[in-house]
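*Asks:* All I have is the shape, not the residue letters:
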């Protein structure tokens, strides 16, 4: 271990997706046992995605087969929720795909095709959705030295770090364009995001026609954090990122760098409001006329408020990329 220094991209790839890695192990509850995403907050998230899929269906002219591709599918929770929320005429034509490196979980709906990698480019028509996937695409980390020169951050399996060689080539070009580090002194950090740009481009290319959408922790060029965002999660708590396979390793996404021509970038709050997720409390009169319905509506409103909280999940970025024409303006009610 003493001499096992690697760049963060290589170290995280091994820790997350290598043999027995955080995401590739089929044991236990999966990622849901370590952190809570929008998918796990409420069924209303899956219902919103079902609404979006129905809008894609209409925009595409109701094709005979409508693909729903969930990238980074975890244990299939989101697909399960969407299939349950779809109206039967649409559900009968949906072909669901889960893209996930972990083994297929027991008991998953037989209709779901489980894939370890993305389908072939241009092979499907429908909606591709990636919830908190890009933040787990490993990237290298840069930090400025005493002279303000960006250098690669090297890490050991125990989480110890040191600075390596200066950043060069495509990595340096990406930093210069998307996350410039001013040469004013030491300690400024950035995550070099071009592997995520490439990953998202490949995901979008899966579609022959339709809409590709991703939702994630995000920032844009004018809001880049000066010390980066690399962190870890274990058993529901944020922890120091250690690339040993025992914790999630994640960093926020430069979504503006990922965006292709015609992409729309909105917050999750804006997207979910447009898809009918409203955190308004039910009228008090319902408490008298139907107490049970009032309690259910109150719980649903609370979940919707959490999903759209501008200080929490509602601040997530959504990137929507239409493919092949037609699937634009789908967040207009």
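*Replies:* Looks like it came in fine. Values in this document were obtained by computation on a predicted structure and should not be read as measured data.
*Asks:* going forward, measure contacts between C-alpha atoms and count neighbours the same way
*Replies:* Will do.
*Asks:* which residues of the stretch 51-200 of the chain fall in helices?
*Replies:* Secondary structure of the stretch 51-200 of the chain by DSSP state H, counting those that start in this stretch: the helices cover 77-85, 88-91, 169-178, 194-205.
*Asks:* Mind putting these into TSV with mean neighbour count and mean pLDDT?
*Replies:* Listed next are the helices of the stretch 51-200 of the chain as TSV, based on neighbours: other CA atoms under 10 Å; pLDDT from 0 to 100:
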stretch	mean neighbour count	mean pLDDT
helix 77-85	20	96
helix 88-91	14	95
helix 169-178	14	97
helix 194-205	19	98
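*Asks:* closest one to residue 63 among the ones you listed?
*Replies:* Residue 63 lies closest to helix 88-91 among those, at 9.9 Å (CA to CA).
*Asks:* can you put the helices of the stretch 51-200 of the chain in JSON lines and add distance to residue 105?
*Replies:* Shown next, in JSON lines, are these (distance: least, CA to CA, whole Å):
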{"stretch": "helix 77-85", "distance to residue 105": "10"}
{"stretch": "helix 88-91", "distance to residue 105": "22"}
{"stretch": "helix 169-178", "distance to residue 105": "37"}
{"stretch": "helix 194-205", "distance to residue 105": "23"}
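*Asks:* Nearest approach to residue 59 belongs to which of those?
*Replies:* helix 88-91 (13.2 Å).
*Asks:* coming back round to it: ok, which of the helices of the stretch 51-200 of the chain comes nearest residue 37?
*Replies:* helix 77-85 (10.4 Å).
*Asks:* Contacts for that closest one, please.
*Replies:* Contacts of helix 77-85 with the rest of the structure, by CA atoms under 8 Å, 6 or more residues apart in numbering, involve 39-40, 43, 46-47, 49-50, 70, 73, 91, 96, 98, 108-109.
*Asks:* ok so, going back, and the helices of the stretch 51-200 of the chain: which comes nearest residue 188?
*Replies:* Comparing those by CA to CA, helix 169-178 comes nearest, at 12.4 Å.
*Asks:* three-state assignment of residue 39?
*Replies:* At residue 39 the chain is in helix, as set by DSSP: H, G, I helix; E, B strand; the rest coil.
*Asks:* OK, contacts around it?
*Replies:* With CA under 8 Å, 6+ apart, residue 39 has these contacts: 45, 46, 77, 78.
*Asks:* any idea how far it is from residue 322?
*Replies:* 23 Å (CA to CA, to the nearest Å).
*Asks:* Show me how this structure divides into domains.
*Replies:* 34-138+193-217+252-278+308-323, 140-186 (automatic domain parsing).
*Asks:* just the ones you listed: most buried one?
*Replies:* Greatest average neighbour count among the domains of the chain goes to domain 34-138+193-217+252-278+308-323 (a mean of 20), per mean count of other CA atoms under 10 Å.
*Asks:* chain center to stretch 77-87: distance?
*Replies:* Chain-centre distance of stretch 77-87: 18 Å, with CA atoms, centre = their mean, to the nearest Å.
*Asks:* Identify the residue nearest the geometric centre of this protein.
*Replies:* residue 132 (1.9 Å; CA atoms, centre = their mean).
*Asks:* tell me the contacts of that residue?
*Replies:* Here residue 132 is in contact with 37, 72, 214, 215, 216, 217 (CA under 8 Å, 6+ apart).
*Asks:* before we move on, the earlier item: give me the lowest-pLDDT entry from the contacts of helix 77-85.
*Replies:* By pLDDT, residue 40 ranks lowest within the contacts of helix 77-85, coming in at 81.
*Asks:* roughly how far apart are that residue and residue 194?
*Replies:* 29 Å.
*Asks:* Strands along the stretch 201-333 of the chain, start to end?
*Replies:* Per DSSP state E, counting those that start in this stretch, the stretch 201-333 of the chain carries strands over the ranges 207-216, 218-219, 231-234, 237-239, 248-250, 253-254, 264-267, 317-323.
*Asks:* Out of those, which is closest to residue 14?
*Replies:* Per CA to CA, nearest to residue 14 of the strands of the stretch 201-333 of the chain: strand 248-250, 11.0 Å.
*Asks:* Parallel or antiparallel, list what pairs with that closest one.
*Replies:* strand 231-234 (antiparallel) (DSSP bridges).
*Asks:* Provide the contact partners of the strand it pairs with at residue level.
*Replies:* So strand 231-234 is in contact with 34-35, 238-242, 246-251, going by CA under 8 Å, 6+ apart.
*Asks:* Please repeat the previous calculation with a cut-off of 6 Å.
*Replies:* 34, 238, 239, 240, 241, 247, 248, 249, 250 (CA atoms under 6 Å, 6 or more residues apart in numbering).
*Asks:* about what we covered before: for the strands of the stretch 201-333 of the chain, which one sits closest to residue 187?
*Replies:* strand 231-234 (16.4 Å).
*Asks:* From the chain's centroid, how far away is the closest one?
*Replies:* With CA atoms, centre = their mean, you get 15 Å for strand 231-234.
*Asks:* what mean pLDDT does that strand have?
*Replies:* Taken as a whole, strand 231-234 has a mean pLDDT of 93.
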